[in-house]
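[1] Predicted model, plus sequence, below.
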Amino acid sequence: MIAFVSGKVAAAGPDGAVIDVHGVGMAVQCTPATIAGLRVGEDAHVRRSPGSGSARTRTCRRRWSSGRTR
């Protein structure tokens, strides 16, 4: 199970994002609020939300550089 993904945002779309993790593009499904906070080219740390179901229904939250979670 993957607990989190950290790296540069390579792309963001209506239902998810691609995070570049040392040259590997990891596609993650995220909530609209999370996607709104992601910017292509910026660092991001997205983690699996507690209590989420299968891989298709996982949601992610972004950890901001200040350490707070949105």
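    Arrived safely, thanks for sending.

[2] remind me, longest strand of this protein?
    Longest strand of the chain, by residue count under DSSP state E: strand 4-12.

[3] and that one, what does it pack onto?
    strand 16-21, strand 24-29, strand 43-48 (3 or more C-beta pairs under 8 Å, 6 or more residues apart in numbering; DSSP states H and E). In short, each C-beta sits where N, CA and C put it, glycine included.

[4] Need the mean per-residue confidence for that strand.
    Averaging pLDDT along strand 4-12 gives 94.

[5] what does stretch 22-30 give?
    Rounded mean pLDDT across stretch 22-30 is 93.

[6] How far does it sit from its chain's centre?
    8 Å (C-alpha atoms, centre = their mean, to the nearest Å).

[7] quick one: residue 25 and residue 9 touch, right?
    No - Residue 25 is beyond contact range of residue 9, at 10.6 Å (criterion: C-beta atoms under 8 Å).

[8] Quick check: neighbours shared by these two?
    18, 19 (C-beta atoms under 8 Å, 6 or more residues apart in numbering).

[9] At the geometric centre of the chain, which residue do we find?
    residue 46 (3.7 Å; C-alpha atoms, centre = their mean).

[10] Could you measure from that one over to residue 30?
    Distance, residue 46 to residue 30, by C-beta to C-beta, to the nearest Å: 7 Å.
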